[in-house]
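> Below is the structure, and that's it, no one-letter string:
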């Protein structure tokens, strides 16, 4: 079911078995498969692919060429930059051990979630079965191979923790063991302690 106030570009393919919320805009050559649920006021850019049964919350923005595969869900307010891929198969093969082509019954997918307000930069790849924490920031081109903490700022290959993020999207400045301040908007946070060496070296958390 698609809301009457949703916009779907004529070149987009949206399954009749998908649900699209009010005010959502789906642009050129995007594909939304059966069982997918897209919330209200979302934007799906050109060439976005939403696999079957994927759940996307309200107020999400998926830039051009994003791929969200079956098993990943997005909470409200998530941003995925151009070319982001959320993957689902930990042991990918086209064929079984006997050489026969794999069918759906031969395939095991992993579940993952991008949580409220998180942002994933362009070209990043998130491996199967991971959770990206609330308000986390993943740098462009990162390869995420471990869960990302709430507000965690991670980047690199493999992605490693380099600090924590404010609601406004800027990196927080540490003032004491657990106290952080945003240099952009002056919001203050008390966050779980992280070892100084962990942040300096960018060790995964």
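Ah, there it is. As the structure is a computational prediction, the values presented were derived from the model and not from experiment.

> Quick one: residues contacting the residue nearest the centre of the chain.
Within the chain, the residue whose C-alpha comes closest to the C-alpha centroid is residue 114; the distance, by Cα atoms, centre = their mean, is 4.6 Å. In this structure, residue 114 makes contact with 72-75, 78, 80, 86, 120, 126, 131-132, judged by Cβ atoms under 8 Å, 6 or more residues apart in numbering. Yep, even glycine has a C-beta here, placed from its N, CA and C like the rest.

> how about JSON lines for those, with secondary structure, distance to residue 104 and pLDDT added?
JSON lines is the format used below for the contacts of residue 114 (DSSP: H, G, I helix; E, B strand; the rest coil; distance: Cβ to Cβ, whole Å; pLDDT from 0 to 100):
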{"residue": "72", "secondary structure": "strand", "distance to residue 104": "17", "pLDDT": "98"}
{"residue": "73", "secondary structure": "strand", "distance to residue 104": "20", "pLDDT": "98"}
{"residue": "74", "secondary structure": "strand", "distance to residue 104": "23", "pLDDT": "98"}
{"residue": "75", "secondary structure": "coil", "distance to residue 104": "27", "pLDDT": "98"}
{"residue": "78", "secondary structure": "coil", "distance to residue 104": "27", "pLDDT": "98"}
{"residue": "80", "secondary structure": "strand", "distance to residue 104": "26", "pLDDT": "98"}
{"residue": "86", "secondary structure": "strand", "distance to residue 104": "19", "pLDDT": "98"}
{"residue": "120", "secondary structure": "strand", "distance to residue 104": "27", "pLDDT": "98"}
{"residue": "126", "secondary structure": "strand", "distance to residue 104": "23", "pLDDT": "98"}
{"residue": "131", "secondary structure": "strand", "distance to residue 104": "25", "pLDDT": "98"}
{"residue": "132", "secondary structure": "strand", "distance to residue 104": "27", "pLDDT": "98"}
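
> are any of those buried, and which?
When burial is judged by neighbour count using 16 or more other Cβ atoms under 10 Å, the buried members of the contacts of residue 114 are 72-75, 78, 80, 86, 120, 126, 131-132.

> give the contact list for residue 53.
34-36, 70.

> and the residue nearest to the centre of the chain, what are its bridge partners?
Residue 114 forms beta bridges with residue 74, residue 132, as assigned by DSSP bridges.

> Could you do residue 85 as well?
Beta-bridge pairing of residue 85 under DSSP bridges involves residue 67, residue 125.
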